[in-house]
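1. Curious how this folds, go ahead:
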Amino acid sequence: MTQPRRRPSIAAARARLRRRAVSRRTADPAPPRSIENPVEDPAENPAEAPVVPGTLLRGRRPEPFPTGEPDDFAQGDSLPGSLLDVVRVAIAMLDTSGRVVLWSPAAEELLGWPSETLVGRGLEALVGDDPELLKRGQEVIALVLREGGWRGPVVMRDREDARIVLDARVSLLVDGDGVPYLLLRLADANKLSAVEHDLAVQDALFEQSPLGIAVFDRQLRYVRLNETLARMNGLAVADHLGLTVGETLPEQAADEVSTIQRQVLASGEPVVDLTVTGPNPRKPGFRSISYSRLHDRAGRILGVTGMIMDVTDRYRAVAKVENARQRLALLNELGTRIGDLLDAGRIAQELAVALVPALADFAGVVLLQAVADGDDLPRHPHTRLTPLVMTGTAAAHPGPAADALLTPGAPITMNEGSLFARVLRSGFAEQVESPDVLEETTAPGDPRLRAAYELGVHSMLVVPLRARGIVLGLMVLSRAGRREGFDRDDLAFAGELADRAGASVDNARLYARERAAALMLQRSLLPQSVPKLAGVEIGYRYVPGSSGTEVGGDWFDVIPLPEDRVALVVGDVMGHGLRAAATMGRLRTAVRTLAGLDLPPAVLLQHVHDLADDLAQGPDEALIATCVYAVYDPRTRRLVLAKAGHTPPLLIVPGEPARILDLPSGAPLGVGGVAFESVELTVSEGTLLVLYTDGLVESRTEDIDVGTRRLSAVLEQPYASVEEACERVIGTLERGQEPDDVALLLARLGSTGPADSRADSAPTLAWTLAAEPTAASRARRLVRATLTEWDLLSLLDTAELLVSELVTNSVRYASAPIGLRLTKGPSLLVEVSDPLPDPPLERTSAGTDEGGRGLQLVHRLADSWGTRADGAGKVVWFKQALPGEPPDRPADEPPDEPTAGRPVDRPPTLPFTPPEA
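-> Predicted coordinates for the structure are as follows:
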């Protein structure tokens, strides 16, 4: 008879369990399982299982951690700072009656009962004397024995008799002898609930987040990622796990992301909201990536976490705002470039330069020829015959092809119905996006078309330049290469740019036309030529101000005076424009008229000043002008000067430094308050007199003294002629930068040469006559005797008649002695002087009048005649040509017609015209 099987003791059972656990640790251990399903293997002791990174994450199982670091912790111990340190799992073993067979140290720590106290005792030791808890424990044991396991909350008492709610997992174990045991795993329910809550949050974050989330190990391989990131990358979640971004993303995007991941893993510095290009080349976009290093509770590096967000819409919105800002900046830059320009050509060039490369790769500005030249706009509609010119060009990539596409100054021809013709006629911009339409812009075989193909031009805008509804030209913009084509926003923006530029171009055209008219008026009022005088070499230049200013009131004049003398004048009227030019013309006429009276320079300036109100531009505007007036006598080399607030003249003697003539300044004409004074001096043979306006020596960047010294240094050099000196002086000006117009008058002063010696040896006789009725008869006798002695009998009758008329006028109006002088030179000169300052007036006498014909006879019979001031009185003179000599030109005979391109100086028609040398 077989004896019944002895039930093993509790100590033997515990020994077998320890040996079994040791054998499992020494053998090849099974892979650890997730605590999400801890009852899958009832024989497993989770308290002795090492924690593996990633076991809390769902996905492909990574390598156990730490790989290659066996000394970091003792085998069988939990990792410091791991999850088991947060939720301690207590292990206990019961037999089928509920007695405690095994009580682990973790259970001692959880409930406070030492194993020596509980081992061998029943359930009542854990639940106390509560019958409900004891009954519930017995029901659980029965359920486990029947079904093999159970999980749920239980209430136990600790050593202090406090009730503790625990999460319990009970499994049925059977040893090798078939003896059943109950494995009880206990954990703090509150802490376990918190961990489960955290895991739920983690799952929700991964599965429901609109952001792409990924976790990478230390080899930067995917450990876990959510569906959002998988959709962004265009791969399934399973196709990512265990792979790196270099194995899942295109090469260009992967290189950038891998570099960032390695940097974060090595340095620990997170990367936050870095915008990169999307990995899908078929769907262009942008991503914001953020990476940080992942550590466990012990501080060990586990890998890298990443958060990826699709920011394509945000990036495009920001790009749109930035594009708007750049366009506003371009508008401001364009306004700065062309806002103060008044030249259509410069405006076109600045416009083209401003648009490249900000808006286009190639830009050309085509203007109507009339607009470029400042002429009136054509009144008929534009046709293919309308002349166009390429005025402004710019290229982002200069080269021969770009030069062929955009040739500055080249005429533009177009076919009827072509793109250019349509835009020019309609005034509406058009966009070109195909080669077929591009060919319509020009004739077949045009080198510009071949250049466009060579440069890779694929998108073009042709925008009209308009002003007041009139098309002034075209703005042609092109994009080439890989740059995106123009869109609707670009077309609208280009139209706004063209409208602003068109207004500036039209203003420049109107200004050029007005300035041309003002220049024409001013040049017509200036001397068209100067007379050639014995003993004086004259050179002159007039330079209008730059295009940034209007024409001014600068002028010069050369006026012949009696006895071979000459008056040199330079002046400047304050102001610019047509009114200043007109005032300058009136002022020049007044000076020229008064010069005919042969007044001293200071007296002449005073008379001009007295006429200031009549010469002003208007009743509310006073005349303010500066002037310098000089009279030179080549026979005596005497120079008399006076000025009215003008820049001081220069006197340059050959071989000596330039001398600034320190004349009494005098007030400008029209100001008054300061008397004008004359300065008289004798000059050396070949001395250069320099009269000029302030525009020659004054500028925005330097003082007038600096300019005067520069002018002196230039003119101190020897020159073969005065014309050469003028050219050298004007050449020192910076072209296009003259803030004011410039008038320059150079006179090389000398003697009359051999004629001067003849004049000194010419016989001269003078007498003083009493202001009596017999003075006329005595004058006739003196003239008859003198001309008989000089063997000039052919002039006798006319000379007697004319001198009798002049002396009779002096006797009638003057009460002081009368002077008579005869001089035999190149011609016979007869002069009658009296102390009365008023000049005689020629008048027309009726047929029945007995008198009033004296001056008419003088005017008709003398070769030339005139009057001049002489001290407080005057001198009336006339000339007669000697036998065999050509007669002087009568005063009323008009001068020769001007030669082409060099107008003639026409003296004013006066009753008393000074003789010419």
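2. what's the longest helix in the chain?
-> Counting by DSSP state H, the longest helix found in the chain is helix 488-525.
3. mean confidence for that one?
-> For helix 488-525, mean pLDDT rounds to 85.
4. Going C-terminal from that helix, what's the next secondary structure element?
-> Sequence order places strand 536-543 as the next helix or strand after helix 488-525, per DSSP states H and E.
5. and stretch 152-166, C-alpha only, in CSV?
-> Presented in CSV, the C-alpha positions along stretch 152-166 are these (Å, rounded to 0.1, in the frame of the first residue of the first chain):
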residue,chain,number,x,y,z
GLY,A,152,-7.7,44.2,-7.5
PRO,A,153,-7.5,46.5,-4.5
VAL,A,154,-7.1,45.1,-1.0
VAL,A,155,-7.1,46.7,2.4
MET,A,156,-4.5,45.6,4.9
ARG,A,157,-3.3,46.8,8.2
ASP,A,158,0.3,47.8,8.9
ARG,A,159,2.2,47.3,12.0
GLU,A,160,0.7,50.4,13.5
ASP,A,161,-2.8,49.0,12.8
ALA,A,162,-3.5,51.6,10.1
ARG,A,163,-5.6,50.6,7.1
ILE,A,164,-3.6,50.8,3.8
VAL,A,165,-5.2,50.4,0.4
LEU,A,166,-2.9,48.3,-1.8
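6. What are the buried residues along it?
-> Of all the residues in stretch 152-166, those buried under the rule 16 or more other Cβ atoms under 10 Å are Val154, Val155, Met156, Arg157, Ile164, Leu166. (Glycine included, C-beta is placed from N, CA and C.)
7. how distant is it from the center of its chain?
-> Taking Cα atoms, centre = their mean, to the nearest Å, one finds the center of stretch 152-166 at 83 Å from the center of the full chain.
8. Contacts for that stretch, please.
-> 110-113, 126-128, 133, 136-137, 140, 167-168, 186-190 (Cβ atoms under 8 Å, 6 or more residues apart in numbering).
9. Buried among these? Make that a PyMOL selection.
-> Restricted to buried positions by 16+ other Cβ under 10 Å, the PyMOL selection for the contacts of stretch 152-166 reads:
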select buried, resi 110+111+113+126+127+133+137+140+167+168+186+187+188+189
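10. Which ones among the contacts of stretch 152-166 map onto helices?
-> Using DSSP H, the contacts of stretch 152-166 in helices are Leu110, Leu111, Leu126, Val127, Leu133, Arg136, Gly137, Val140, Ala189, Asn190.
11. now those residues as CSV including pLDDT?
-> Output for these, formatted as CSV (pLDDT from 0 to 100):
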residue, pLDDT
Leu110, 82
Leu111, 83
Leu126, 80
Val127, 79
Leu133, 80
Arg136, 85
Gly137, 84
Val140, 86
Ala189, 78
Asn190, 79
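12. tally of neighbours for the residue nearest to Ala581 when sequence neighbours are not counted?
-> Once flanking residues are discounted, Ala581 sits nearest to Gln522: 4.1 Å by Cβ to Cβ, 6 or more residues apart in numbering. When neighbours are counted by other Cβ atoms under 10 Å, Gln522 registers 24.
13. isn't Gln522 right up against Met584?
-> Yes - using Cβ atoms under 8 Å, Gln522 makes contact with Met584 at a distance of 7.0 Å.
14. Tell me where the model's unsure across the stretch 351-500 of the chain.
-> Filtered on pLDDT under 70, the stretch 351-500 of the chain yields the residue ranges 384, 435-445.
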